[in-house]
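**Q** Next input, structure requested:
(2 chains)
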Amino acid sequence: MADVTNLRSPAEAGLSKLFEAGRKSFASETAIAREEAFRFFEATGLPSRRVEAFKYTDLRAAIAEAAPPAEAPSLDAAKAAVAGATGFAGIEAARLTFVNGHLVRELSDLDRIPAGVTVVPMSEALAQGDAGLELLAPVVQARENPVYQLNTAFLADGALISVAAGAKPETPVHLRFVGAGDAPFSTATRVLVQLGEGAEFSLLESHEGSNGVTCQPNDALDVVVGPQAVFRHSRLNKEGDAAVALSTLSLKVEREAQVESVNLVTGAVLSRHQIYVHIAGDDTNVVVNGAAMLRSGQLADSTLLADHAAVGGVGREQFKTVIDGDATGVFQGKIIVRQVAQKTDGKMKSDCLLLTDEGQMMNKPELEIFADDVACGHGATCGAPDDDLLFYLMARGLPRPVAESLLVQAFVGETVEAVTHEGARAALIGEIEAWLKARG
Amino acid sequence: MPAVQETIDRVRSIDLDQYKYGFETTIEMEKSEKGISEDVVRFISAKKNEPDWLLQWRLDAYRRWLTMKEPEWARVEYDKVDYNDIYYYAAPKRKGPESLDEIDPEILKTYEKLGIPLREVEVLEGIAPERRVAVDAVFDSVSVATTFKKELEKAGVIFMPISEAVREHPELVKKYLGSVVPVTDNFFATLNSAVFSDGSFVYIPPGVRCPMELSTYFRINERDTGQFERTLIIADKGSYVSYLEGCTAPKRDDNQLHAAVVELVALDDAEIKYSTVQNWYPGDNEGRGGIYNFVTKRGDCRGARSKISWTQVETGSAITWKYPSCILRGDDSRGEFYSIAVSNGMQQVDSGTKMIHLGKNTTSRIISKGISAGRSQNTYRGLVSAHKKAKNARNFTNCDSLLIGDQCGAHTVPYIESKNASAVFEHEATTSKISEDQKFYCQQRGLSEEEATALIVNGFVRDVLQQLPMEFAVEAQKLISISLEGSVG
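**A** Model (predicted):
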C-alpha cells in the first residue's frame, strides 16, 4: 500500500512564499502563534474533496493562485469604495470600516463607540501584545481548521471589542468590510468580541466588493459570550462575483447566555461560512440561522459545528438555500452532545429550493450523541417550489414569476425573522427582495 | 428522555456474554500459506480449478489493491489489520462432498448446533413444515453443502457455490461478476476480488418466482483466517427471489477479518429481497476479539420497474463497516433499506446505505434504527443522491437512534446530494416518544400501561421487522420488543 503524497499546488507554494515575505514584519510580535498556525496549514495544505470537511467545497481547485495580502488603501480610494457600500447602511450604528482588510480610522466611528464598549484596533493590539488577545480562538475545533489557521498566520487587522459586564448599549457596532481597487488581493481580518456577565450587544457585519475583482478575503469573528449575556449578530455577504470568500465564526457560550446569529449570502463566486459553537455553560439558548440565495456559477457552503458540553443547552439551527441557474449549495452541520450535556435540546434543519434543473444542493446534517437524556433532531429537505402553492397563487391572478418570488421570499424569510434588531431585519429582507427583483 | 427499564433489560438479554454461537469445531483443515502474495492468489485460483480469465481478474485486483489505502473516514477505531498475518484460504480437508453423507460429521454437527438445516427434510424451529429454505452452507473458505439444488433446477433457478458456477455457467459469471462492485471499487472490495474463496451464485430466469427462500449461512471457524466470500444474485426480467444470509463465528481473543462482496442485479420488473441477520462474534465486554466486518454490498436496479430491498438486523461484529446500497438505474425502479443495528459492549458500528438515483421516477426509502448500549458507538451513515437525469426521484429517510446508558454514542451522518429540481428528498431523524394520547387510548381498552407501551412500540419497529422473512422470526423476536422510547434523532 503506497503512501500517496500530494504535490503542492501553485497556490500553496505561493502562500508559503507570501508567508516568508511577511515574516520580517511579524517578527516583533509574540502575542499570536503565526508560525505554528502556518506550519499547521502547510501540513494540511489547501483542503480538497478528499478532506471530509471540504468534500463539497474543493478549495485546492477553487484557489488556483494565492493573491497577495492587500496593502492599506489610500484614503481617497477607501472613500470611493465605501461610497458604494449599502449593507446595513441606513442603520444607526457605530461603524468600523475595513477597506481591503485594513481599518480606516477616518471612516470609522472610533470616537462614537457606545458607553460600556471598548474597541482596540487589531493592528494596535498585535503591536502592543494586548492582554485581550489571550481570548482569541475560543473554540478548540476551529484550531484544527486550515482556513482559520491561515487567517491566524496572515492576520493583518481587525479589532478587539469588549462589552463591560451589565452594559446594554442600544446602538449596535457595524463591522463594514469593503473591497477597493481591481487588482487581486487577499485579506486576513479577525474581530474578537467579549461580552461580560449580563451584557447585551448587537453586532452587524457586512462584506461587499466590486464584481470582477479576484479577491480572497478570509475573515474571522471570535466571540466569548459571558454568563447571562445576550449576543445578537447579523451578517451579510455581498462580495463581488469573483471573490472566494472564507469566513469563520467561533462562539464560546457561557452559563445562561443567549446567542442569535443570522447570515445571509448573496455574493461571491465561492463562499464558505464556518460556524463553531462551543456550549461551555449550562442552560444556554443559541439560534444560528443561515440563508443563501445563489445565481449561476456560485457556490455557497455553510458549515456548522455545535458542541454541547454543558447541561440543558437549547440549540436551533435553521439553514435555507435558494438555488437558481447552475449554482451549488452546501450545508454541513454537526451537533455534538457530550456525555455531560444531559437535557440538551438541539434541532438542526436545512431546506433547499431548487429553481432550475441545473442547480444542486449537498446536505450533510450530522449528529454525534454521547448523552442518553437529550432531544436532538435534524432534518433536510430539497425540492422545487410546490406546484400546488404556485397554482393557488396563480389562480388568484398573480403571474408565475411573482408567485414564485412570493414563495421564495416566504421560504427564505423564515431565517431572517429571528433577527431581533428591527433595522437589521428590515435590511436583510431588503436584500432578499433585491435579489428576487434582479432575478425578474 | 432516558431509555425505559424494559428496553434496558431486553438489550441486556442479548448481551455479549451470552453469545451462544461461540463454540469451535475441531476439524482438519487445509490452508494456504500465511499472508498475501501473487502466489497465494494463484493458489486459491488453482484450488478452485478456475479458468485463466478469472485468475487474471484476481491478479489485476491484487496488483491494484497493493496501491490502495485502507479507508479511514468511518467512525470506527481499531488496531490495523496485518494483512500478512492471515490465512486467505482454509477448507476442510475431507474431499467432496457429493452427497450429504459424505460431509464431515463434525461440520454437520456444527450446523446442527447452529440450527441450520442441511438435511432437506429438516426445518427450522418454530416454522411450519411446509416452509422450505434452500441453504448454501459456507464453512471458512468453501461451500460445504447446498440443499434443494435439484428441485430448484426444475424451476430453472441456479443456486450453487460461486466456485461451481464459474465452471458450470461461465458466461453468466463472466457477464455479471464485478459489474456492480467493480474490482476498483474500494480497498476491501478489491482485496476480496483478489482472494475471494466462495459464496453463493443465484440466477433466476425470466418470469420465474423462486419457489422457496434461498439462504446462505456463513461460518468462520478456523483461527487466523479471513473470510472473503462473494455472492452474486441475478434476477432476470420479471423474476422474484428472497434471499437470506446468516453468519456466526467462534469466540476468540484475537480479531478476524471478514471482507465480503455481495452483488445484486435486477433486470426489468425483477425484484430481489435480501435479508441479513448478522451475528458474528462481537468480542467480549472489554473489546477483546470479535470479527472485523468490512463488507461491500450493492444492488443494481438495472432494469425498468425493478426493485431491490435490503433488510438487516445487525447485532454482531466488533467493527462493522457496511453500506448495502442500491443503484437505481432503471426508470421507475425502487430501492429499500430497513435496518436495526444493536451495539453493545465495545462494539463499533458504522453502517447505513446509499441510494443513487439515476433513472426517472425512481423511489427509495430508508428506515434505520440504531440502538447503542454498553460502551459501544453506533453510527448511521447514508448517501442519497439524485443525478441530473433522475427526474421526479423521491426519497424518504427516517433514522432514529437510542442510547442506553451514558457510556455509549449514537451518531448520524447523512449525505443528501440533489442535482435535480424535480427530485424530492426528505430526511428526518425524529425523537420518538410514545404519545400520551395513544397510550391513553390503549389503556381505555383495558391494557395495562406496559402492555400499551409494548403494543405501540411494536408498531414502531414493525417497519423494519415486517420486512424480515419468517425464517428469521426467531432471532428477530428478541429485538421486537425493544422499545425505542427515549430515542434521539
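
**Q** contacts, neighbours, all on C-alpha from now
**A** OK.

**Q** The stretch 251-400 of chain A: helices as residue ranges?
**A** A:387-395, A:400-416 (DSSP state H, counting those that start in this stretch).

**Q** So which of those helices is nearest chain B?
**A** helix A:387-395 (10.7 Å; Cα to the nearest Cα).

**Q** mean confidence for that closest one?
**A** Averaging pLDDT along helix A:387-395 yields 93.

**Q** and what of stretch A:222-229?
**A** 98.

**Q** Please compute how far that stretch lies from its chain's middle.
**A** 18 Å (Cα atoms, centre = their mean, to the nearest Å).

**Q** residue contacts, residue 299?
**A** Since you didn't name a chain, this refers to chain A. Residues near A:Leu299 by Cα atoms under 8 Å, 6 or more residues apart in numbering or on different chains: A:Ala268, A:Val269, A:Leu270, A:Ser271, A:Ala327, A:Thr328, A:Gly329, A:Val330.

**Q** not quite, I wanted chain B
**A** Contacts for B:Gly299 (Cα under 8 Å, 6+ apart) come out as B:Val180, B:Glu263, B:Leu264, B:Val265, B:Ala266, B:Ile308, B:Pro324, B:Ser325, B:Cys326, B:Ile327.

**Q** Quick check: the last one vs B:Ile234, distance?
**A** B:Ile327 sits 14 Å away from B:Ile234, going by Cα to Cα, to the nearest Å.

**Q** Of these two, give the one with the bigger neighbour count.
**A** Neighbour count, other Cα atoms under 10 Å in any protein chain shown: between B:Ile327 and B:Ile234, B:Ile234 has more, with 27 against 24.

**Q** In terms of helices and strands, where is the more buried one?
**A** Element membership for B:Ile234 (DSSP states H and E) is strand B:230-235.

**Q** Give me the below-cutoff pLDDT ranges for chain A.
**A** For chain A, the stretches flagged by pLDDT under 70 are A:1-6, A:27-28.

**Q** now the contacts of B:Gly299 as CSV including distance to chain A, secondary structure and pLDDT?
**A** CSV is the format used below for the contacts of B:Gly299 (distance: Cα to the nearest Cα, whole Å; DSSP: H, G, I helix; E, B strand; the rest coil; pLDDT from 0 to 100):
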residue, distance to chain A, secondary structure, pLDDT
B:Val180, 23, coil, 95
B:Glu263, 26, strand, 96
B:Leu264, 28, strand, 96
B:Val265, 28, strand, 97
B:Ala266, 28, strand, 97
B:Ile308, 24, strand, 96
B:Pro324, 19, coil, 95
B:Ser325, 18, strand, 95
B:Cys326, 19, strand, 96
B:Ile327, 19, strand, 96
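
**Q** Show me which pair in those residues is furthest apart.
**A** For those, the farthest-apart pair by Cα to Cα is B:Ala266 and B:Pro324; their separation is 14.9 Å.

**Q** circling back: can you tell me which of the contacts of B:Gly299 are buried?
**A** In terms of neighbour count (16 or more other Cα atoms under 10 Å in any protein chain shown), the buried residues within those are B:Val180, B:Glu263, B:Leu264, B:Val265, B:Ala266, B:Ile308, B:Pro324, B:Ser325, B:Cys326, B:Ile327.

**Q** in the sheet, who's paired with the fifth one?
**A** Taking DSSP bridges, one obtains B:Ala235, B:Cys301 as the residues bridged to B:Ala266.

**Q** thought B:Thr184 was touching B:Leu191?
**A** No. The pair B:Thr184 / B:Leu191 is not scored as a contact, 9.6 Å apart, by Cα atoms under 8 Å.

**Q** circling back: out of the contacts of A:Leu299, which sit inside strands?
**A** A:Leu270, A:Ser271, A:Thr328, A:Gly329, A:Val330 (DSSP state E).

**Q** Give me the nearest residue to the fourth one, chain neighbours excluded.
**A** In space, not counting the residues next to it along the chain, A:Gly329 is nearest to A:Met361; the distance is 4.6 Å by Cα to Cα, 6 or more residues apart in numbering or on different chains.

**Q** Please work out how many residues are found near whichever residue of the stretch 201-350 of chain A sits closest to chain B.
**A** Nearest residue of the stretch 201-350 of chain A to chain B (Cα to the nearest Cα) works out as A:Gln339 at 6.3 Å. A count of nearby residues for A:Gln339, using other Cα under 10 Å, gives 20.

**Q** can you pull the contacts of the residue lying closest to it once chain neighbours are set aside?
**A** Distances taken as Cα to Cα, 6+ apart place A:Ala371 nearest to A:Gln339, at 4.3 Å, with adjacent residues excluded. Residues in contact with A:Ala371 (Cα under 8 Å, 6+ apart) are A:Val337, A:Arg338, A:Gln339, A:Val340, A:Ala341, A:Gln342, B:Leu403, B:Gly405, B:Asp406, B:Gln407, B:Cys408, B:Gly409.

**Q** so the fourth one touches A:Ala309, yeah?
**A** Think A:Val340. Yes. A:Val340 is within contact range of A:Ala309, at 6.2 Å (criterion: Cα under 8 Å).

**Q** okay, the two: which has more neighbours?
**A** A:Ala309 (20 against 16).
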